[in-house]
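Colleague: Have a look; sequence and predicted model below, questions after that.
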Amino acid sequence: MLYQRLPMRRVAFIQILAMLFLACMPLMGSADMIETGSVVADQQLQHDREELRAMLDRDEVRATLERMGVDRAQVSERINNLTQQELASFNEQLSQAPAGEGVVGIIVLFVLVFIVTDMLCATNIFSFVRCIN
Amino acid sequence: MHQLTALLLAAVLLLGGCASQPQWPEHTGSSASHVIDGVPFHPQEAYQCGPAALATVLNHRSVASTPESLVDQVYVPERGGSLQVEMVAAARAHGLLAYPLEPELGAILQEVEAGNPVLVMQNLGLDWWPQWHYAVVIGYDRGRDRIILHTDTRPRHSEPIRPFLASWARADHWAMVMTPPDRLPATARPLPWLTAASDMEELGQLPLAEQAYRTALARWPDAPAARFGLANSLYAQGEREQALSQFITLTREAPELTAGWLNLATLLARRGCPLAARHAAGCADTALPEAPAPRGNTAACPLIHCPAK
């Protein structure tokens, strides 16, 4: 029969072509360009995070966190979990506070955020906060 | 007697400490006083300070416009005022880029000194009984502690700095400069400028967005998002060759920007270069070891090289 006479090589070649075609499919028609706005927003997020993290490296902040018994690594981790809006509001609070008061303000804010997230069981930083569930 | 003197001295010092709260920022290079000349003035009618202030800023940029023509765009009769977002949108519709200033007096002074009138929002009332107002800062006088505004029906009104700062603070320090896309505000930083530019792009004002990205690139050559926006806006205008070459430059200059590789891949795929496209997409994934450049590209398809890791 005819199909039996098709050389295996050619079958394999057609199969490879088909696979290549399928593999290329998602790139060929449907993919949309990524919008500039989302890239800018992403960079803004990274920038805000770095700014906040740089804050944590300041001596007085480090000392206060230690005194409160909050682990710096956990705070840093928490920054990664903040949304753009939360970050922006932190940074705004900071920039609006007069020099000097900003540091204390941000720490109080952080502690508040941690207490709330502890209550929601998202974090477990303060042993005295009992998780709602 | 001695004690009394000491007490009085202490009281004077304390009072003095209150009175001389730092009002003016220590900004080196900013002069003692400055007024931008020739800023047109539109007296406001009724509650329409928004259209009047906006027309002032637009006219200064040689955009022909009157408060009456802006009423439809920014005035909400029901609220007896104009919303901030609509002021920004209206400026954009007239080809100007609205740049939000940092919430500090220093930013306003710097812009004024650079010749950019600053649109500000004030709350002339109280926090719980607000009376919103828009005005345009056109100058200042450090020596006399004054800020100079085009406001309500008063051109070049000289307002004491202290109540101005208080009313501005009650409006969350809202301040904008509106510039054509080829002119950066004096206090511009890359990301807010690029955000405003990408808003323009999103609304289909492509040539203006393109210009704003070019302006950003000239000032901040290593801001990858600027070239990304430039490439995107070129592509959206049908300038495929230029877009392609911008994306290739971008991936060379900023290989860490995944979105750059992905858009390059999409563009190559649409151009009929599936192998080069796959390769570019592969470069986006930093987890992959460097793959050899694919062979068999036709002349029209560029060779894509992932950077060495």
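Modeller: Received it, and whenever you're ready, just let me know what you need.
Colleague: got any ranges where the stretch 1-150 of chain B has weak pLDDT?
Modeller: Applying pLDDT under 70 to the stretch 1-150 of chain B picks out residues B:1-22, B:27-30, B:47.
Colleague: Just the closest residue of it to chain A, please.
Modeller: B:Pro103 (6.0 Å; CB to the nearest CB). The C-beta positions use only the backbone N, C-alpha and C, and glycine is treated the same way.
Colleague: Could I get the CA-only coordinates of stretch B:153-163 as CSV?
Modeller: These are the backbone C-alpha positions of stretch B:153-163, laid out as CSV (Å, rounded to 0.1, in the frame of the first residue of the first chain):
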residue,chain,number,x,y,z
THR,B,153,-10.2,87.5,39.8
ARG,B,154,-6.8,88.7,40.8
PRO,B,155,-3.8,88.7,38.5
ARG,B,156,-0.3,88.6,40.0
HIS,B,157,-1.9,88.3,43.5
SER,B,158,0.8,88.4,46.1
GLU,B,159,-0.2,85.9,48.9
PRO,B,160,1.7,85.5,52.2
ILE,B,161,3.5,82.2,52.0
ARG,B,162,2.2,80.7,55.3
PRO,B,163,-1.6,80.6,54.4
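Colleague: quick one on the thing from earlier: so the residue of the stretch 1-150 of chain B closest to chain A sits against B:His173, correct?
Modeller: Yes. Contact criterion CB atoms under 8 Å: B:Pro103 and B:His173 qualify, at 3.3 Å.
Colleague: quick one: which of these two has more around it?
Modeller: The residue with more neighbours, out of B:Pro103 and B:His173, is B:His173; 21 against 16, by other CB atoms under 10 Å in any protein chain shown.
Colleague: for that one, phi and psi?
Modeller: phi 60, psi 40 (degrees, to the nearest 10).
Colleague: B:Glu159: which element?
Modeller: Using DSSP states H and E, B:Glu159 sits in strand B:154-160.
Colleague: Given that strand, what are its sheet partners and their directions?
Modeller: strand B:146-151 (antiparallel) (DSSP bridges).
Colleague: who's in contact with the partner strand?
Modeller: With contact meaning CB atoms under 8 Å, 6 or more residues apart in numbering or on different chains, strand B:146-151 is reached by B:35, B:39, B:41-42, B:49, B:53, B:56, B:108, B:117, B:120, B:133, B:135-141, B:156-161, B:164.
Colleague: try it again with 6 Å
Modeller: Strand B:146-151 is contacted by residues B:35, B:41, B:56, B:135-140, B:156-159, B:161, B:164 when judged by CB atoms under 6 Å, 6 or more residues apart in numbering or on different chains.
Colleague: Could you do stretch A:34-47 as well?
Modeller: A:84, B:191, B:194-195, B:198, B:201-202, B:225, B:228-229, B:232, B:259, B:262-263.
Colleague: Report the backbone C-alpha coordinates of it in CSV.
Modeller: Only the C-alpha atoms of stretch A:34-47 are listed here, as CSV (Å, rounded to 0.1, in the frame of the first residue of the first chain):
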residue,chain,number,x,y,z
ILE,A,34,3.4,44.3,26.1
GLU,A,35,2.2,47.8,26.8
THR,A,36,4.6,50.5,28.0
GLY,A,37,2.4,51.4,30.9
SER,A,38,2.8,48.0,32.5
VAL,A,39,6.6,48.2,32.2
VAL,A,40,6.7,51.6,33.7
ALA,A,41,4.4,50.6,36.5
ASP,A,42,6.7,47.6,37.2
GLN,A,43,9.8,49.7,37.3
GLN,A,44,8.0,52.2,39.6
LEU,A,45,7.2,49.2,42.0
GLN,A,46,10.8,48.1,42.0
HIS,A,47,12.0,51.7,42.6
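Colleague: Same question for that stretch: list its buried residues.
Modeller: A:34-37, A:39-45 (16 or more other CB atoms under 10 Å in any protein chain shown).
Colleague: and what of stretch B:244-258?
Modeller: Using 16+ other CB under 10 Å as the test for burial, stretch B:244-258 gives B:244, B:246-248, B:250-251, B:254-255, B:257-258.
Colleague: export those to TSV and tack on distance to B:Thr66?
Modeller: Converted to TSV, the buried residues of stretch B:244-258 look like this (distance: CB to CB, whole Å):
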residue	distance to B:Thr66
B:Leu244	44
B:Gln246	40
B:Phe247	43
B:Ile248	47
B:Leu250	43
B:Thr251	48
B:Ala254	45
B:Pro255	51
B:Leu257	44
B:Thr258	47
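Colleague: Return only those of these found close to chain A.
Modeller: Among these, no residue lies close to chain A (CB under 6 Å from any CB of the partner chain).
Colleague: Let me know the pLDDT of B:Leu217.
Modeller: Note for B:Leu217: predicted pLDDT of 97.
Colleague: The residue nearest to it when sequence neighbours are not counted and B:Asn263: what is the separation?
Modeller: Closest residue in space to B:Leu217, ignoring its immediate chain neighbours: B:Ala226 at 4.6 Å, by CB to CB, 6 or more residues apart in numbering or on different chains. Using CB to CB, to the nearest Å, one gets 14 Å for the distance from B:Ala226 to B:Asn263.
Colleague: Which of those two has more residues huddled nearby?
Modeller: Set B:Ala226 next to B:Asn263 and count neighbours by other CB under 10 Å: B:Asn263 wins out with 29 against 26.
Colleague: Look up how far chain A lies from the more buried one.
Modeller: Between B:Asn263 and chain A the distance is 5 Å, computed by CB to the nearest CB, to the nearest Å.
Colleague: Residues contacting whichever helix or strand that residue is part of, please?
Modeller: B:Asn263 belongs to helix B:258-270 when assigned by DSSP H and E. Outside of helix B:258-270, the residues within contact range by CB under 6 Å, 6+ apart are A:27-28, A:31, A:33-34, A:39, B:228, B:244, B:247, B:250-251, B:276-277, B:280-281, B:283-284.
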